[in-house]
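**Q** Following is a predicted model, sequence given first.
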Amino acid sequence: MRVNKKWNQKSRSRSVEQMANAVAAAIWKLAAQVLLNLENENFETTTQGQRLDVMEELVIFLVHMSDRRIIVQTDADNRAAF
């Protein structure tokens, strides 16, 4: 899976909300890819509800990891906005 890790216009400043939006899009793509890989490895999901439950857990984990990463890089106000 390909995830963009760099901005196209490097000189332009980004708001915390823009960075959070980019991270959220990457998290969603990653969670969908992980679910697809699980199903390709014969992990059985018979309903859309089960698929969403798996994606929910993946997204929660990745959001938590993003929060742990941002906590050491910024102050409390920017972390809350993120």
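**A** Cool, got the structure.
**Q** Please make it C-alpha for all contacts and neighbour counts, starting now.
**A** Fine.
**Q** Show me the residue sitting in the middle of this protein in space.
**A** Ile27 (1.7 Å; Cα atoms, centre = their mean).
**Q** who touches it in this structure?
**A** Ile27 makes contact with Val59, Leu62, Val63 under the criterion Cα atoms under 8 Å, 6 or more residues apart in numbering.
**Q** Could you name the helices and strands sitting against the helix or strand where the first one lies?
**A** This means Val59. Using DSSP states H and E, Val59 sits within helix 48-71. Packed against helix 48-71 by the contact rule (3 or more Cα pairs under 8 Å, 6 or more residues apart in numbering; DSSP states H and E) you find helix 16-40, helix 76-81.
**Q** Sort out which of the contacts of Ile27 are buried, if you could.
**A** With neighbours counted using 16 or more other Cα atoms under 10 Å, the contacts of Ile27 contain these buried positions: Val59, Leu62.
**Q** could you redo the contacts of Ile27 as JSON lines and give each row distance to Glu44 and pLDDT?
**A** Formatted as JSON lines, these follow (distance: Cα to Cα, whole Å; pLDDT from 0 to 100):
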{"residue": "Val59", "distance to Glu44": "19", "pLDDT": "95"}
{"residue": "Leu62", "distance to Glu44": "22", "pLDDT": "94"}
{"residue": "Val63", "distance to Glu44": "25", "pLDDT": "94"}
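**Q** Distance to Gln48 added to the contacts of Ile27, as a markdown table?
**A** What follows is the contacts of Ile27, written out as a markdown table (distance: Cα to Cα, whole Å):
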| residue | distance to Gln48 |
| --- | --- |
| Val59 | 16 |
| Leu62 | 21 |
| Val63 | 22 |
